[in-house]
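>>> A structural model of the following input is requested.
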Amino acid sequence: MTAGAEFRVDCHVKVLNRDVVANARAAGLDAIIYAPHFTRLPEIRRRAEVYSSEDLLVIPAREVFTGSWKNRKHVLALGLSDPVPDFISLEAAMAEFERQDATVLIPHPEFLTVSLGEDDIRAYEGTIDALEIYNPKHLPRDNRRAREISESYSIPPFTSSYAHVASTVGAAYTAFDGDFETESDVLAALENRAGRRVVHTDGPQRWATTAKELAHLGYENTWQKIDRLFLSGQEPTHANHIAYDGRFEDDAVY
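Below is the predicted model of the structure:
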């Protein structure tokens, strides 16, 4: 390892296109973790491969929506060998991640109705590899609370831009001690508690990012949700979808 080397990773990005890549490079990132909503793992892998290069490593991942629409608990899984659907119980998802020896990250803990709470984190402490302590959608009190949980359970921290729009990419990232080359290197750093620091913008730029992402959250939870629930039919990542060949029908929550 080169002395003083670090590897900068935006650990959770929802969008991927040329603008995302350009913004990531401009922010000095070495890698991004790409985990779009309601997209099957093979498609995520395909897109990640298309946009990955020597200058920017794009790592495929799934943010699995456990629970129902009213009580979602999101879990970010990397290194999956087999697809895992949405809308299964948290217990079933965690068991599947353990079976696949996946790298498990907890995004935005205790945020609204879409996150693991402290009781969940305590229950799965041995499965969780890292916990997000800063998220641009959070208010300062939310980030403080996330840091408290990370420290209380000695779970290593991470951060991400949680970018739903391209311009947010790089607004927050995790800088790992080391000089990595592959997806496996990054997953090993997360699992082996490699040294790291959490980096994010502050001041007016931070609040502009928060406002932009919260505006998108408002759209996502109104018109986009209506479209998904009532107009577009079954989600392609729903546990009962034909793509999963009935493997998760007993674990589906609706």
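>>> Spit out the contact partners of the closest residue to Thr237 other than its chain neighbours.
Spatial nearest neighbour of Thr237, chain neighbours left out: Asp86 (4.5 Å); criterion: Cβ to Cβ, 6 or more residues apart in numbering. In this view, the C-beta of every residue, glycine as well, is placed from N, C-alpha and C. Shown in contact with Asp86 (Cβ atoms under 8 Å, 6 or more residues apart in numbering): Phe38, Val64, Phe65, Thr66, Glu235, Thr237, His238, Ala239.
>>> neighbouring contacts of the helix or strand hosting Ile149?
For Ile149, the element it lies in under DSSP states H and E is helix 140-152. By Cβ under 8 Å, 6+ apart, the residues outside helix 140-152 that reach it are 108-111, 118, 121, 131-135, 138, 155-157.
>>> May I have that helix exported as CSV, CA atoms only?
Extracted in CSV, the C-alpha atoms of helix 140-152 (Å, rounded to 0.1, in the frame of the first residue of the first chain):
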residue,chain,number,x,y,z
PRO,A,140,-28.2,17.7,11.5
ARG,A,141,-30.1,15.9,14.4
ASP,A,142,-30.6,12.9,12.1
ASN,A,143,-26.9,12.7,11.4
ARG,A,144,-26.0,13.1,15.1
ARG,A,145,-28.3,10.2,15.9
ALA,A,146,-26.8,8.0,13.2
ARG,A,147,-23.3,8.7,14.6
GLU,A,148,-24.5,7.8,18.1
ILE,A,149,-25.8,4.5,16.9
SER,A,150,-22.6,3.7,15.0
GLU,A,151,-20.5,4.5,18.0
SER,A,152,-22.8,2.6,20.5
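>>> Report the mean confidence score over whichever helix or strand comes after that helix.
For helix 140-152, the succeeding helix or strand toward the C-terminus, using DSSP H and E, is strand 157-159. For strand 157-159, the mean pLDDT works out to 98.
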